[in-house]
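In: got a sequence here, can you build the structure:
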Amino acid sequence: MPADFHARFSCKAKEYMYRIHNSESKNPFTTDLELLYRRKLDIPLMQEAAQHFIGTHDFATFCTNCTEKQNTIRTIYDITIEKQGNTVILLVKGNGFLYNMVRILVGTLLSVNEGRITASELDALLASRNRVLAGITAQAHGLYLNRVFYEDEF
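Out: Next up is the predicted model:
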């Protein structure tokens with residue numbers, strides 16, 4: 001690697017995975033590894049809502065502890081949501097992420113699933129830069145750094 005290579009700052013994109021155990025009963029093997037969500041998930045509705053986050057936006061609404069001086073503009077390249085048995089896997093790929101951004105995105109998608117936020121409100125929610133309007137911050141134990149991209153292979 002070149003002398004100026006830095007594992008964190010030389011990456012072109014990152015992909016985070018968020019795992020949800022979607023069942024009325026706990027899975028004792030994944031209790032601390034996935035979010036337990038007992039309500040039925042409407043995957044097509046969540047996929048439709050997730051499309052509003054793709055692209056370059058100011059994600060200040062989806063950041064905990066962001067300051068006014070901090071650059072909160074990020075690019076999300078892709079969000080996929082798929083169900084595998086009782087597990088729902090969200091993959092979020094972007095050029096960078098703010099503090100708690102993925103967890104707040106997941107919490108907001110869960111709010112859409114529950115009907116507390118509509119998919120049509122998400123563009124205005126992004127533009128508001130108001131953290132209070134977004135969904136909850138989903139629990140940390142479902143979040144994983146899945147991949148780091150150092151080339152333009154994403």
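
In: so how many other residues sit close to the spatially closest residue to residue 141 that is not a sequence neighbour?
Out: Leaving aside its chain neighbours, residue 141 sits nearest to residue 32 (5.1 Å; criterion: C-beta to C-beta, 6 or more residues apart in numbering). The way it works is simple: take the backbone N, C-alpha and C, and place the C-beta from them, glycine included. Other residues within reach of residue 32 by the criterion other C-beta atoms under 10 Å amount to 9.

In: pretty sure residue 32 is touching residue 140, no?
Out: No: using C-beta atoms under 8 Å, residue 32 is not in contact with residue 140; the gap is 9.9 Å.

In: next, the buried residues of the longest helix anywhere in the chain.
Out: Assignment by DSSP state H gives helix 101-114 as the longest helix of the chain. Residues 101-113 are the ones in helix 101-114 that count as buried (16 or more other C-beta atoms under 10 Å).

In: mind pulling up the pLDDT for the most centrally placed residue in the chain?
Out: The centre of the chain sits closest to residue 102, judged by C-alpha atoms, centre = their mean, with a distance of 3.0 Å. On pLDDT, residue 102 comes in at 98.

In: next, the residue lying closest to it once chain neighbours are set aside: secondary structure please.
Out: Nearest residue to residue 102, sequence neighbours excluded (C-beta to C-beta, 6+ apart): residue 16, at 4.7 Å. Secondary structure for residue 16, judged by DSSP: H, G, I helix; E, B strand; the rest coil, is strand.
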